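Student: One predicted model, sequence on top.
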Amino acid sequence: MRKFLLPVIFVLIAVLYSSIVVVSEGTRGIMLRFGKVQRDADNKVAIYTPGLHFKIPFIDNLKALDARIQTLDGQADRFVTVEKKDLLVDSYVKWRINDFGRFFTTTGGGDYAQAANLLRRKVNDRLRSEIGSRTIKDIVSGTRGELMAGAKNALNSGQDSTAELGIEVLDVRIKQINLPDEVSSSIYQRMRAERDAVAREHRSQGKEKAAFIQADVDRKVTLIIANAEKTAQELRGEGDATAAKIFADAFGKEPEFYSFIRSLKAYESSFSNSDNLLILKPDSDFFRFMQSPSK
């Protein structure tokens, strides 16, 4: 009897263990019986909250769904503004499941990849509508906050609401706004051409001002040199006149000495070069001061 009792006890323990299921904190559970979602008395999908629950062993299967906030962060997408200008907008969405039964049934059994694709499509459609009614200036600086708030409200309660997916959108954020590469290249080239034109204009104006400054400096230098030469000539003339007057006054008092000095200067000029040759009579008046005083 004891031999049969132990296996029975083990089987009962295994069955009891298999009939217990734990729903972790931060998740919700949906029970599947033969692959069919279990519903409550109101024909709604039965949702299992965190805690300990029981199931029929080997028949029921619990599917856990994450109840925490999720982030949908995709690649930048191209949008068109009201001005028909293309923009590359990089955004992300914060969302969570608020209707676990609907989420499970509309996403093919709680497939998060499928849910992300459906949500991304709705978010892009909403952003396309919001961006398409605004200018680039409004999107970049003016009404970006209104754009994000409008997209969030429309996703939660508008025609493209995510409620049909059992999802609540908590926040829509635009991380970055860029122009497409071909547009950016043309804009940069135009900006470079404009800056080059401004630089050429500034250089031209600088050269023109430099020419004016150089001409003014040259004029002032010429005027200063002319005034200096004029003053120098005046001073030189006054000096020569004063010197001539002094010589005249001095030689007027001693005519003989004046004649002697004049003769010495004439000798110096005549014999300054060894090749000079004078043919004069010895008793010429030119040699008067070179003759013996007795003659």
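Tutor: The structure has been received and is ready for your questions. Residues are numbered from 1 along each chain as shown.
Student: The chain - how does it break down into domains?
Tutor: 15-64, 68-177, 254-294 (the TED database).
Student: Nearest to Ile224, out of these?
Tutor: Relative to Ile224, the nearest member of the domains of the chain by C-beta to C-beta is domain 254-294, separated by 37.9 Å. Quick note: C-beta positions are derived from backbone N, CA and C, even for glycine.
Student: what's the average pLDDT for the closest one?
Tutor: In this model, domain 254-294 has a mean pLDDT of 65.
Student: what about the stretch 51-200 of the chain, any weak spots by pLDDT?
Tutor: Low-confidence segments of the stretch 51-200 of the chain (pLDDT under 70): 142, 158-160, 182-188.
Student: now the strands: where do they sit in it?
Tutor: Taking DSSP state E, counting those that start in this stretch as the test, the strands found in the stretch 51-200 of the chain are 51-54, 60-66, 70-73, 77-80, 86-97, 167-178.
Student: so of those, which one's packed in deepest?
Tutor: Per-stretch averages of neighbours, counted by mean count of other C-beta atoms under 10 Å, single out strand 86-97 among the strands of the stretch 51-200 of the chain, with a mean of 19.
Student: Name the strands paired with that one and say parallel or antiparallel.
Tutor: With DSSP bridges as the test, strand 86-97 is paired with strand 70-73 (antiparallel), strand 77-80 (antiparallel), strand 167-178 (antiparallel).
Student: what separates it from the chain centre, distance-wise?
Tutor: Offset of strand 86-97 from its chain centre (C-alpha atoms, centre = their mean, to the nearest Å): 25 Å.
Student: I'd like the domains of the chain as CSV, with distance to Ala197 appended.
Tutor: Listed next are the domains of the chain as CSV, based on distance: least, C-beta to C-beta, whole Å:
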stretch, distance to Ala197
domain 15-64, 62
domain 68-177, 24
domain 254-294, 72
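Student: ranking the ones you listed by burial, who's on top?
Tutor: Most buried of the domains of the chain, by mean neighbour count (mean count of other C-beta under 10 Å): domain 68-177, with a mean of 16.
Student: Could you check the angle the lengthiest helix in the chain makes with strand 86-97?
Tutor: If you go by DSSP state H, the chain has its longest helix at helix 181-253. Calculated by axes from the mean of the first three to the mean of the last three C-alpha atoms, to 10 degrees, helix 181-253 forms an angle of 130 degrees with strand 86-97.
Student: From the contact counts, what lies against helix 181-253?
Tutor: Counting contacts by 3 or more C-beta pairs under 8 Å, 6 or more residues apart in numbering; DSSP states H and E, helix 181-253 is packed against helix 255-270.
Student: got a list of what Lys55 touches?
Tutor: Neighbouring residues of Lys55 by C-beta atoms under 8 Å, 6 or more residues apart in numbering: 19-21, 31, 61-62.
Student: Check the gap between it and Asp42 for me.
Tutor: From Lys55 across to Asp42, the span is 21 Å (C-beta to C-beta, to the nearest Å).
Student: Let's verify Ala41: helix, strand, or coil?
Tutor: coil (DSSP: H, G, I helix; E, B strand; the rest coil).
Student: hang on, the earlier thing: and the longest helix of the chain, how far out from the chain's middle?
Tutor: Put simply, helix 181-253 sits 43 Å off its chain's centre (C-alpha atoms, centre = their mean).
Student: Also stretch 71-81?
Tutor: Centroid separation for stretch 71-81 versus its chain: 23 Å, with C-alpha atoms, centre = their mean.
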